[in-house]
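Novice: need a structure here:
(one chain, ligands or ions: 1)
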Amino acid sequence: MRLIPLCLTVLLFACDSQVPTNAQDINQESGDVYTYSRANRDGIGKVYMGREISHVMGHLGAGWLERPERERDERTDLLIDNLNLDPDHVVADIGAGTGYFAFPMSARVPQGKVLAVDIQPEMLAIIESRKQVGLSEASWQNIETVLGTEDNPNLPDNAVDLIYMVDAYHEFAYPREMGEAIVRALKPGGRIALVEYRMEDRTVPIKRLHKMSEAQSRKEMAAIGLTWVETKDILPQQHLMIFEKQISAP
Ligand SMILES: C[S@@+](CC[C@H](N)C(=O)[O-])C[C@H]1O[C@@H](n2cnc3c(N)ncnc32)[C@H](O)[C@@H]1O
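Specialist: Here you go, the predicted structure:
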């Protein structure tokens with residue numbers, strides 16, 4: 001796994017080239033859902049359903065996730081308000097980073113919990129240290145950190161009401177395996193809130209491989225058997241896309 005630290009200047013004013021539609025597959029293993037091509041600057045050269053997967057944002061970029069202007073620019077308050085959380089919900093924040101969302105969400109599920117999943121132990125250590133600082137905040141104690149792997153979030157089966165992924169899914173090196181594990185972790189009728197910077201909007205100042213279109217997102221979620229419920233384009237820069245695991249799903 002290759003990690004790169006990201007900072008605002010790296011993400012701003014995206015000008016990287018996109019995966020060419022005629023990208024030449026260098027190594028397509030038979031039966032593999034992935035193909036491989038020359039990597040773009042911000043990608044890993046691994047292509048899933050026509051989308052090149054981006055590098056993982058390294059923990060040295062943690063400060064960017066906690067930038068003070070984030071709530072104003074991305075209306076993260078509005079995002080949480082629109083998740084329709086019930087007090088007893090179990091939420092899995094996959095690709096939780098520094099816990100920017102895990103902490104405010106934990107207050108919305110006082111009888112439930114937030115499972116903060118990440119593959120970088122350094123990110124989880126930041127969350128644990130923030131929990132220590134906020135010991136007086138009872139709700140923060142219902143955040144549990146979970147160390148995932150690139151292809152498995154290590155969540156229990158049929159246990160989660162909402163899987164929440166903000167600016168993370170496009171980095172998953174094994175999106176098909178992660179997706180299948182996510183479906184297993186969801187309770188029947190459970191939902192996914194997938195939040196990605198809008199690819200369709202050229203004015204969103206984020207590099208191309210760190211954005212996703214609604215069409216691409218829906219295609220990838222359909223491939224793991226999830227049903228699209230709605231796309232709430234209420235945020236300044238991101239899609240908020242809701243998917244559901246059917247009651248009858250295994
Ligand atoms: C750009 S950060 C976003 C963090 C957080 N969601 C936020 O918006 O503040 C993406 C995070 O996803 C994590 N990540 C990447 N691949 C992952 C995987 N397969 N499973 C879990 N986390 C992953 C990275 O380690 C990183 O912390």
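Novice: what does this protein put close to the ligand?
Specialist: Counting by C-beta under 6 Å from any ligand atom, the chain comes close to the ligand at 56-57, 65, 94-97, 100, 117-120, 123, 148, 150, 153, 166-168, 171-172, 178. C-beta here means a position set from N, CA and C on the backbone, and glycine is covered the same way.
Novice: got a pLDDT number for residue 134?
Specialist: On pLDDT, residue 134 comes in at 70.
Novice: same check, this time on residue 17
Specialist: Residue 17 carries a pLDDT value of 38.
Novice: domains for this structure, by residue range?
Specialist: Listed by automatic domain parsing, the domain ranges of the chain are 3-56, 58-244.
Novice: Could you list which of the residues of the chain next to the ligand belong to strands?
Specialist: 56, 57, 94, 117, 118, 166 (DSSP state E).
Novice: Name the stretch among the domains of the chain that sits most buried.
Specialist: domain 58-244 (a mean of 18; mean count of other C-beta atoms under 10 Å).
Novice: Residue 193: what secondary structure?
Specialist: strand (DSSP: H, G, I helix; E, B strand; the rest coil).
Novice: give me the low-pLDDT residue ranges for the chain?
Specialist: 1-31, 135-139, 249-250 (pLDDT under 70).
Novice: and with 90 instead?
Specialist: The model of the chain has pLDDT under 90 over residues 1-31, 132-141, 247-250.
Novice: now the strands: where do they sit in it?
Specialist: According to DSSP E, the strands that the chain contains are 3-4, 34-36, 43-48, 51-54, 56-57, 90-94, 113-118, 143-147, 160-166, 186-198, 211-212, 227-232, 238-244.
Novice: Any chance of CSV for those, columns distance to residue 220?
Specialist: Output for those, formatted as CSV (distance: least, C-beta to C-beta, whole Å):
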stretch, distance to residue 220
strand 3-4, 23
strand 34-36, 12
strand 43-48, 7
strand 51-54, 8
strand 56-57, 18
strand 90-94, 14
strand 113-118, 19
strand 143-147, 23
strand 160-166, 12
strand 186-198, 9
strand 211-212, 8
strand 227-232, 11
strand 238-244, 10
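Novice: how close does residue 45 get to the ligand?
Specialist: Between residue 45 and the ligand the computed distance is 16 Å (C-beta to the nearest ligand atom, to the nearest Å).
Novice: can you pull the contacts of residue 65?
Specialist: By C-beta atoms under 8 Å, 6 or more residues apart in numbering, the residues touching residue 65 are 97, 98, 100.
Novice: An error on my part: the question was meant for residue 78.
Specialist: Each residue near residue 78 by C-beta under 8 Å, 6+ apart is listed here: 234, 235.
Novice: roughly how far apart are it and the ligand?
Specialist: Residue 78 sits 14 Å away from the ligand, going by C-beta to the nearest ligand atom.
Novice: got it, and residue 223?
Specialist: From residue 223 to the ligand the distance is 17 Å (C-beta to the nearest ligand atom).
Novice: Isn't residue 223 up against residue 180?
Specialist: No: using C-beta atoms under 8 Å, residue 223 is not in contact with residue 180; the gap is 9.6 Å.
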